[in-house]
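Engineer: next comes the sequence, and after it the predicted model I'd like to discuss.
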Amino acid sequence: MTDKKTQSDKFKDLARELECDEDEGKWDERLKKVAKGKPEAGNPE
């Protein structure tokens, strides 16, 4: 019997293999660290 997986199942398996973190709280914490960076001088953003 062949194991037919959807593309999303393959993606999830690979993410687990690479030890990606599925915790949404940790994601938000890390995102805030990146997002709070100050823009460079002269950059209007």
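Structural biologist: Nice, I can see it. Numbers count the residues shown, from 1 in each chain.
Engineer: what stretches of this protein score poorly on pLDDT?
Structural biologist: Low-confidence segments of the chain (pLDDT under 70): 1-2, 37-39, 42-45.
Engineer: mind listing the helices for it?
Structural biologist: Using DSSP state H, the helices of the chain run over residues 7-17, 24-35.
Engineer: can you say which of the ones you listed is nearest to A41?
Structural biologist: Comparing the helices of the chain by their distance to A41 (Cβ to Cβ), the top pick is helix 24-35, with 18.9 Å. All C-beta spots, glycine's among them, are computed from the backbone N, C-alpha and C.
Engineer: now the helices of the chain in CSV, with mean neighbour count and distance to A41?
Structural biologist: Rendered in CSV, the data for these read as follows (neighbours: other Cβ atoms under 10 Å; distance: least, Cβ to Cβ, whole Å):
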stretch, mean neighbour count, distance to A41
helix 7-17, 10, 38
helix 24-35, 9, 19
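Engineer: who's in contact with T6?
Structural biologist: Contact analysis of T6 by Cβ atoms under 8 Å, 6 or more residues apart in numbering lists nothing.
Engineer: oh, I was asking about E19
Structural biologist: Listed by Cβ under 8 Å, 6+ apart, the contact set of E19 is empty.
Engineer: that one and K26, how far apart?
Structural biologist: Distance of E19 to K26, given as Cβ to Cβ, to the nearest Å: 13 Å.
Engineer: list residues touching both of these two?
Structural biologist: Common neighbours of E19 and K26 (Cβ under 8 Å, 6+ apart) do not exist.
Engineer: now the nearest residue to D13 once chain neighbours are set aside: how far from V34?
Structural biologist: Excluding its sequence neighbours, the residue lying closest to D13 (Cβ to Cβ, 6 or more residues apart in numbering) is K5, at 7.3 Å. When distance is defined by Cβ to Cβ, K5 is 32 Å away from V34.
Engineer: fine by me, thanks again.
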